[in-house]
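A.B. asks: attaching a predicted model along with its sequence, questions to come.
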Amino acid sequence: MDERGRLYFDNAATSFPKPTEVYDAMDRFARTYAGGAGRSAHEHAIAGARLMFELRNELAALLGGEAERLVFTKSATEALNLVLRGVLSRGAKVMCGPLEHNAVARPLAHLAAENEVVVRQAVGDEHGRMTPAALDEALAAGVVDAVVTLHASNVHGLAQDLSALGEVCRQHDVLFIVDAAQSAGALPLDARAMHIDALCVTGHKALLGPTGTGALLLSPRLAERLPPLLHGGTGSVSEQERMPDFLPDRLEAGTPNTHGLAGLLAGVRYVARRTVAEIEAHDRALRERLLGCLRAIPGLRLLGDASGPATSTVSFTGPLPAGDFARLLSERYGVAVRAGLHCAARAHRTLGTFPTGAVRLSPGLFTPPDAIDEVCAAVAEIAKARP
């Protein structure tokens, strides 16, 4: 394990370190091949096309969908924008959850202002998780075109029951759009079984790839109707000035990030080899150890201290502002954490920590268990020194 990652507790932002094979794959591809995938017939371009073919198949298998309906994006944010802007026409009605990241909240706010989209927020439990019963009641009360929500919170790590929520959406014939930025690679996902119409993932978190990579996995009914977010070259039907009408080309304008996708393929293969079930168990053990340590520190309020599926992420508030707490952890102890609103003001309003936010600790796949104790000791020292 790279010792630089020992006290890196910001894996909810981006995972670090990556498996060695991710770095090697990116370096090898960048040094060996230069062609644009799907743009030529020489070996460089063919290598890029082969890489994308393999990743499309392997990532779709990991997420429980079909490769022909998996579209590469540069982030989960781009995937969410592509879907939300594509399906929410003027006057459409959409329901979201109480914990949404700005990757959902801001596109919805824009569409509400510019396209008169009606945005409603579902009722959550005491931790902000959307409940199937409340969602069923809300959908029965009025017409809704789509439900969009996250899988796992980037603030407290708790996950929602996508299978139950997806079944409610299926019964009401409502599109189900999921932000799985935090959970893809860390928690089980099966787009088909969970009745997910649009599964939006990023490559740089639990999938262990580089930044600038992501994907959108579509259901058959949504794949048929989703228009492009970007228009441009695809390497196919170039004689036309309109985008191709088939996937993935219709939604993948521009030269692909093959160097980044090479790293993502290595990350996906690492996750598949280790298995999501094993990774989930590893994260659960870190989370339980972290919560156990933090509970013993006077003056802290823990967010997400509850049972149920979750990532390793835990947040807390303490006897001094979150930003000051994070700065002291970094300057005095070399601990990397995230403080503030975590691009999720809606979640902090729900949890009662707005506008100051919280300190977020997110250990990762390569965090040694004893590092949990070291970080908790640092938190305890800072908390004790403050009134």
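C.D. replies: Perfect, thanks for sending it.

A.B. asks: would you say Leu108 is within a helix?
C.D. replies: Yes: with DSSP: H, G, I helix; E, B strand; the rest coil as the criterion, Leu108 is located in a helix.

A.B. asks: where's it relative to Glu116, distance?
C.D. replies: Look at Leu108 and Glu116: by CB to CB, to the nearest Å, they are 12 Å apart. Every C-beta, even on glycine, is put in place using the N, C-alpha and C of the backbone.

A.B. asks: between those two, tell me which one has more neighbours.
C.D. replies: Leu108 (22 against 12; other CB atoms under 10 Å).

A.B. asks: can you give me the helices in the stretch 151-300 of the chain?
C.D. replies: Remark: helices assigned in the stretch 151-300 of the chain by DSSP state H, counting those that start in this stretch are 162-171, 220-223, 258-274, 276-295.

A.B. asks: between the ones you listed, which one is closest to Glu381.
C.D. replies: Among the helices of the stretch 151-300 of the chain, helix 276-295 comes nearest to Glu381, with 12.7 Å by CB to CB.

A.B. asks: related to what we said a few turns ago, could I get the helices of the stretch 151-300 of the chain in a markdown table, plus columns for distance to Ser238?
C.D. replies: Formatted as a markdown table, the helices of the stretch 151-300 of the chain follow (distance: least, CB to CB, whole Å):
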| stretch | distance to Ser238 |
| --- | --- |
| helix 162-171 | 39 |
| helix 220-223 | 23 |
| helix 258-274 | 19 |
| helix 276-295 | 39 |
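
A.B. asks: what residues does stretch 270-279 touch?
C.D. replies: Contact partners of stretch 270-279, identified using CB atoms under 8 Å, 6 or more residues apart in numbering, comprise 19, 21-22, 58, 61-62, 185-189, 206-208, 365.

A.B. asks: let's see that with 10 Å instead.
C.D. replies: 18-22, 58-59, 61-62, 183-189, 206-209, 281-282, 311-312, 365 (CB atoms under 10 Å, 6 or more residues apart in numbering).

A.B. asks: so which bits of stretch 193-203 are buried?
C.D. replies: Buried residues in stretch 193-203, counted by 16 or more other CB atoms under 10 Å: 194-203.

A.B. asks: which of those residues fall in strands?
C.D. replies: 198-202 (DSSP state E).

A.B. asks: and which of the residues you listed is nearest to Glu241?
C.D. replies: Using CB to CB, Ala198 is the member of these that lies nearest Glu241, at 27.5 Å.

A.B. asks: show me the contacts for the residue nearest to Thr234 when sequence neighbours are not counted.
C.D. replies: Distance criterion CB to CB, 6 or more residues apart in numbering; nearest residue to Thr234, sequence neighbours excluded, is Asp249 at 4.3 Å. Asp249 makes contacts with 38, 71, 228, 233-237, 243, as judged by CB under 10 Å, 6+ apart.

A.B. asks: which strands and helices lie in contact with the helix or strand where Ala326 lies?
C.D. replies: For Ala326, the host element (DSSP states H and E) is helix 322-333. When contacts are defined as 3 or more CB pairs under 10 Å, 6 or more residues apart in numbering; DSSP states H and E, helix 322-333 packs onto strand 314-317, strand 338-340, strand 358-361, helix 369-385.

A.B. asks: would CSV of those with distance to Leu135 be doable?
C.D. replies: Listed next are these as CSV, based on distance: least, CB to CB, whole Å:
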stretch, distance to Leu135
strand 314-317, 25
strand 338-340, 29
strand 358-361, 26
helix 369-385, 35
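
A.B. asks: now, of those, which is deepest in the fold?
C.D. replies: strand 358-361 (a mean of 28; mean count of other CB atoms under 10 Å).

A.B. asks: C-alpha coordinates for stretch 297-304, PDB please?
C.D. replies: Extracted in PDB, the C-alpha atoms of stretch 297-304 (Å, rounded to 0.1, in the frame of the first residue of the first chain):
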ATOM      1  CA  ILE A 297     -15.100  11.300  21.800                       C
ATOM      2  CA  PRO A 298     -17.000  13.900  23.800                       C
ATOM      3  CA  GLY A 299     -18.500  16.800  22.000                       C
ATOM      4  CA  LEU A 300     -19.000  15.200  18.600                       C
ATOM      5  CA  ARG A 301     -22.300  14.700  16.800                       C
ATOM      6  CA  LEU A 302     -22.100  11.900  14.300                       C
ATOM      7  CA  LEU A 303     -24.000  11.900  11.000                       C
ATOM      8  CA  GLY A 304     -25.000   8.600   9.600                       C
END
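
A.B. asks: for it, buried residues please.
C.D. replies: So for stretch 297-304, counting by 16+ other CB under 10 Å, buried means 297, 300, 302-304.

A.B. asks: one more: stretch 137-150?
C.D. replies: Per 16+ other CB under 10 Å, stretch 137-150 contains these buried residues: 138-139, 144-150.

A.B. asks: cool, stretch 63-83 as well?
C.D. replies: 63-67, 69-83.

A.B. asks: mind listing which of these are in helices?
C.D. replies: Mapping these onto helices (DSSP state H) picks out 63, 76-83.

A.B. asks: dump these to TSV, plus pLDDT and distance to Ala103.
C.D. replies: Listed next are these as TSV, based on pLDDT from 0 to 100; distance: CB to CB, whole Å:
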residue	pLDDT	distance to Ala103
Leu63	98	18
Ala76	98	6
Thr77	98	4
Glu78	98	9
Ala79	98	9
Leu80	98	5
Asn81	98	8
Leu82	98	12
Val83	98	11
